[in-house]
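Chemist: Need coordinates for the below:
(one chain, ligands or ions: 3)
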Amino acid sequence: MSRLLITGASIEGGAAADVLVVDGAIAEVGHDLDRSGAEVVDADGLVALPGLVDLHTHLREPGREDAETILTGSQAAAVGGYTAVLAMANTNPVTDTAEAAERVHALGQAAGVVDVHPVGSVTKGLAGEELSEIGLMARSKARVRVFSDDGRCVGNARVMRRALEYVKAFGGVISQHSQDTDLAGSASCCHEGELSGRLGLPGWPGVAEDVIVARDVMLARHTGSRVHVAHVSTAGSVEVLRWAKSQGIDVTAEVTPHHLLLTTDLLAGYDPTFKVNPPLRPAEDVEALRAALADGTIDAVATDHAPHARHDKEHAFVDAAFGMLGLETAVQVVAQVMVESGRMTWADLARVMSTTPARIAGLEGQGQGLVVGAPANLTLVDPSADVTVDRADSVSLSRNNPYHGRSFGASVRATFLRGRATVLDGTLV
Ligand SMILES: NC(=O)N[C@@H](CC(=O)O)C(=O)O
Ligand SMILES: [Zn+2]
Ligand SMILES: [Zn+2]
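Modeler: Ligands and ions are numbered 1, 2, ... in the order given. All right, here's what the predicted structure looks like:
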């Protein structure tokens, strides 16, 4: 029998308690628990949270193992306090068959650092035309529940409707990358506004996102199925979501840490590190996203961790790859923007970064919180740290870190996957 005793942690930011873990499950939460035979972790001054769950991670394996692998991405996730991630399907080959999904799932298990759940693509090869093996992926050992062509929008409304009808049968969900490519084509790389004009960069107007979110919530209503909006970036999308939820439409949405903190003016130096899809938006949009996360209109935070090799990122702005790292810094960014500002509590952060994402993805044994009987997936955060991000310190294979040089007041100290430490003293075990 293995016993782990975590002492003195503030449970989701509330009262301090000890947590006793026996054989990977939470056995007791209380005071002065029996230390005999237990490995003791002193968590005085730390906040204990349920292990974080990321709805949106790019692990790049198979195909781009020079940018990230399932192992290194899992390690980056653990360092960020995560115990489960959903691995996006835009790999090479694309995760569009049961076999491909099972391979990703098996590699995740072999790495054994976080639970890796493959996302299945909606369409074969992300081509937007023929549906992937959705049913077979759902019934496979990988038990796929989330489907997405992320990186691309499912632009064809008929295809989107069919996909929604299909996943309804088994309680699956379509996660949409909302981008109308007639309004914002593949070259569009800067929020359309005064700045894009001045910099001479192709504009990506917010309305190109809003119209797809509006279309998709109507398709969700029509089909009675469930849609999830990936990386919401505009005040317009927030308005549509608020209306859709008031109508009882089955829609959920995520926001990334970078869209909660960073603004479009960072593009003024043409640094490709800040090139991401959807693009960084002006302060008005950022404020709308913060308010929507605080009031529940946006359900979850997801990283959209998008590692890229140096030779894909170090180009003229227009030619560089879209995407930025996110797993290792997510908690500190969200803590700064939402908790340290007083807009949310640590318990709220646990909800938007663990409980709700686990529910959206239909995961078992994740996001259950620090309750007796639950698997001991948890993370310990120092809420009064003073850390400056250095991209060289990253365990991700890539270095496209938009927070390099920024300081934060929280840091992950330890992560436990079913009672086994994956991170201790802020370092990989
Ligand atoms: N977010 C990005 O800028 N890039 C993502 C794709 C995506 O999330 O759309 C990637 O795969 O690199
Ligand atoms: Zn996307
Ligand atoms: Zn993505």
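
Chemist: what residues does this protein put near ligand 2?
Modeler: Asp150, His177 (C-beta under 5 Å from the ion). For glycine as for every other residue, the C-beta is placed from the backbone atoms N, C-alpha and C.

Chemist: and the chain, what are its domains?
Modeler: If you go by automatic domain parsing, the domain ranges for the chain are 3-47+375-428, 50-360.

Chemist: For ligand 3, which of those is the nearest?
Modeler: Across those, ligand 3 has its closest neighbour in domain 50-360 (4.3 Å, C-beta to the ion).

Chemist: what about the closest one, start to end distance?
Modeler: End-to-end span of domain 50-360 (C-alpha to C-alpha, to the nearest Å): 16 Å.

Chemist: for the residue in the stretch 101-250 of the chain that ligand 1 sits nearest to, phi and psi?
Modeler: Per C-beta to the nearest ligand atom, Gly151 is where the stretch 101-250 of the chain lies closest to ligand 1, at 3.9 Å. Here is the backbone geometry of Gly151 (degrees, to the nearest 10): phi 100, psi -30.

Chemist: didn't it look like it was pressed against Asn92?
Modeler: No - at 11.4 Å, Gly151 and Asn92 do not qualify as touching, with contact defined as C-beta atoms under 8 Å.

Chemist: Can you give me the neighbour number for Trp346?
Modeler: 21 (other C-beta atoms under 10 Å).

Chemist: is it true that it touches Val47?
Modeler: Yes - using C-beta under 8 Å, Trp346 and Val47 qualify as a contacting pair, with a distance of 5.3 Å.

Chemist: any shared contact partners between these two?
Modeler: Ser10, Glu12, Gly13, Val381, Pro383 (C-beta atoms under 8 Å, 6 or more residues apart in numbering).

Chemist: does the first one sit in a helix, a strand or a coil?
Modeler: Classification of Ser10 into helix, strand or coil gives strand, according to DSSP: H, G, I helix; E, B strand; the rest coil.

Chemist: Enumerate the beta-bridge partners assigned to it.
Modeler: Applying DSSP bridges to Ser10 gives these bridge partners: Ala16, Val47.

Chemist: who touches it in this structure?
Modeler: Ala16, Gly45, Leu46, Val47, Ala48, Trp346, Pro383.

Chemist: before we move on, back to that, and among the domains of the chain, the most buried is which?
Modeler: domain 50-360 (a mean of 21; mean count of other C-beta atoms under 10 Å).

Chemist: for that one, what is the average pLDDT?
Modeler: For domain 50-360, mean pLDDT is 98.

Chemist: Contact partners for the residue lying closest to Glu130 once chain neighbours are set aside?
Modeler: Computed as C-beta to C-beta, 6 or more residues apart in numbering, the closest residue to Glu130 that is not its neighbour in sequence is Lys124, at 4.8 Å. Applying C-beta under 8 Å, 6+ apart to Lys124 gives the contacts Val94, Asp96, Glu130, Leu131, Ser132.

Chemist: Let me see the backbone angles for Lys124.
Modeler: phi -60, psi 130.

Chemist: ok, now Thr123?
Modeler: phi -120, psi 150.

Chemist: got it, and the one 5 residues further on?
Modeler: Recorded main-chain torsions at Gly128 are phi 80, psi 10, according to degrees, to the nearest 10.

Chemist: Confirm for me that Asp34 is in contact with Asp18.
Modeler: No - taking contacts as C-beta under 8 Å, Asp34 lies outside contact range of Asp18: 9.6 Å.

Chemist: What is the neighbour count of Glu364?
Modeler: 10.

Chemist: separation between it and ligand 2?
Modeler: For Glu364, the distance to ligand 2 equals 26 Å [C-beta to the ion, to the nearest Å].

Chemist: and Val355, what is it in contact with?
Modeler: Not Val; residue 355 is Thr. Pro50, Gly367, Gln368, Gly369.

Chemist: Let's see which of those end up in strands.
Modeler: If you go by DSSP state E, these have Pro50 in strands.

Chemist: Could you work out the most separated pair of the contacts of Thr355?
Modeler: Farthest-apart pair in those is Gly367 and Gly369; separation 7.3 Å (C-beta to C-beta).

Chemist: Apart from its chain neighbours, what residue comes closest to the residue of the stretch 101-250 of the chain closest to ligand 1?
Modeler: Asn90 is the one closest to Gly151 (C-beta to C-beta, 6+ apart), at 4.0 Å.

Chemist: re earlier: just the contacts of Ser10 now: which is nearest ligand 2?
Modeler: For the contacts of Ser10, the nearest to ligand 2 is Trp346 (28.4 Å; C-beta to the ion).
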